[in-house]
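Novice: just the structure for this:
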Amino acid sequence: MNTTTKVILGMAVAAAAGAAIGMLFAPEKGSDLQKKLAGGAKDWMSEIGSLLDLGKDVISKMKSQGGEVADELTTQMKEMSNN
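Specialist: Residues are numbered from 1 along each chain as shown. Next up is the predicted model:
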């Protein structure tokens, strides 16, 4: 897991924890609070899913670019060895 992923995941967890703490200290009925927490958890899980999908896309692109660079370097090395 690279640094950017750790920072994004940390921010998401901190935001979720802050929202949960804020709801727990709000003066509401327990049933209303439970509904809000359930809705917030669903939203949070959706966001985590989106972040994971984004991470997968970034890793896939990096992998592809790495392969292209490796192919280019291989070609250049062959050309250099032929000269």
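Novice: what's near enough to touch the residue most central in space within the chain?
Specialist: Note on the chain: the residue nearest the mean C-alpha position is Leu51, at 3.4 Å, using CA atoms, centre = their mean. For Leu51, the contact set (CB atoms under 8 Å, 6 or more residues apart in numbering) comprises 8-9, 12. Just so you know, the C-beta spots here come from the backbone N, C-alpha and C atoms, and that holds for glycine as well.
Novice: contact partners for Lys61?
Specialist: Lys61 neighbours (CB under 8 Å, 6+ apart): none.
Novice: ok, which stretches of this structure are helices?
Specialist: All helices of the chain, identified by DSSP state H, fall at 3-24, 30-82.
Novice: just put those in TSV and tack on mean pLDDT.
Specialist: Converted to TSV, the helices of the chain look like this (pLDDT from 0 to 100):
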stretch	mean pLDDT
helix 3-24	80
helix 30-82	82
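Novice: which of the contacts of Leu51 sits closest to Ser60?
Specialist: Proximity of these to Ser60 (CB to CB) peaks at Ile8, which lies at 17.0 Å.
Novice: count of neighbours near that closest one?
Specialist: Ile8 has 13 neighbouring residues, counting by other CB atoms under 10 Å.
Novice: now do the one 10 residues further on
Specialist: For Gly18, the number of neighbouring residues by other CB under 10 Å comes to 10.
Novice: from Glu47, how far off is it?
Specialist: Counting by CB to CB, to the nearest Å, the gap from Gly18 to Glu47 is 14 Å.
Novice: and Lys29, by the same measure?
Specialist: 27 Å.
Novice: out of those two, which sits in the busier spot?
Specialist: Glu47 (13 against 8).
Novice: quick one, what contacts that one?
Specialist: For Glu47, the contact set (CB under 8 Å, 6+ apart) comprises Ala12.
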